[in-house]
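Colleague: Sequence and predicted structure, then a few things I'm wondering about:
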Amino acid sequence: MADELIEKGWFKQTLESFVKYVALNPKEFIFYVFIILTPLMAVSGILSLKLAKHIERNEKEKKKATRQTNLAKSRRRAKAD
């Protein structure tokens, strides 16, 4: 066992045992993948919605700021005339 580990390398042996497990238990493997990935996908969706709202809010603030500066410029021009 130890000789095999040294000859093949621990990564290669671990990978081989993993591939054997997946080949022998495909339904169980898919089940575990879904169990692990489902919460990660949910968190990803929530964070992407928050980011989209934050970007939208920033764009509205920028538009409001440019609108206010344009109004201030037009008022100054009107007073100057």
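Modeller: Nice, thanks for sending it over.
Colleague: Okay, now the unreliable bits of this structure?
Modeller: For the chain, the stretches with pLDDT under 70 are 1-7, 81.
Colleague: report the longest helix in the protein, please.
Modeller: helix 26-80 (DSSP state H).
Colleague: nearest residue to Val22 other than its sequence neighbours?
Modeller: Counting by C-beta to C-beta, 6 or more residues apart in numbering, Phe29 is the residue found nearest to Val22 once chain neighbours are left out, at 4.8 Å. Placement of C-beta: from N, CA and C, glycine included.
Colleague: Tell me the spacing between that neighbour and Tyr21.
Modeller: Distance of Phe29 to Tyr21, given as C-beta to C-beta, to the nearest Å: 7 Å.
Colleague: Give me the most central residue, this protein.
Modeller: In the chain, the centroid-proximal residue (C-alpha atoms, centre = their mean) is Ser44; its distance is 5.0 Å.
Colleague: if I look at that one, how far off is Leu37?
Modeller: Ser44 sits 10 Å away from Leu37, going by C-beta to C-beta.
Colleague: Over to Glu56?
Modeller: Distance from Glu56 to Leu37, by C-beta to C-beta: 28 Å.
Colleague: for whichever strand or helix holds Ser17, packing partners?
Modeller: Here Ser17 sits within helix 10-24, counting by DSSP states H and E. When contacts are defined as 3 or more C-beta pairs under 8 Å, 6 or more residues apart in numbering; DSSP states H and E, helix 10-24 packs onto helix 2-8.
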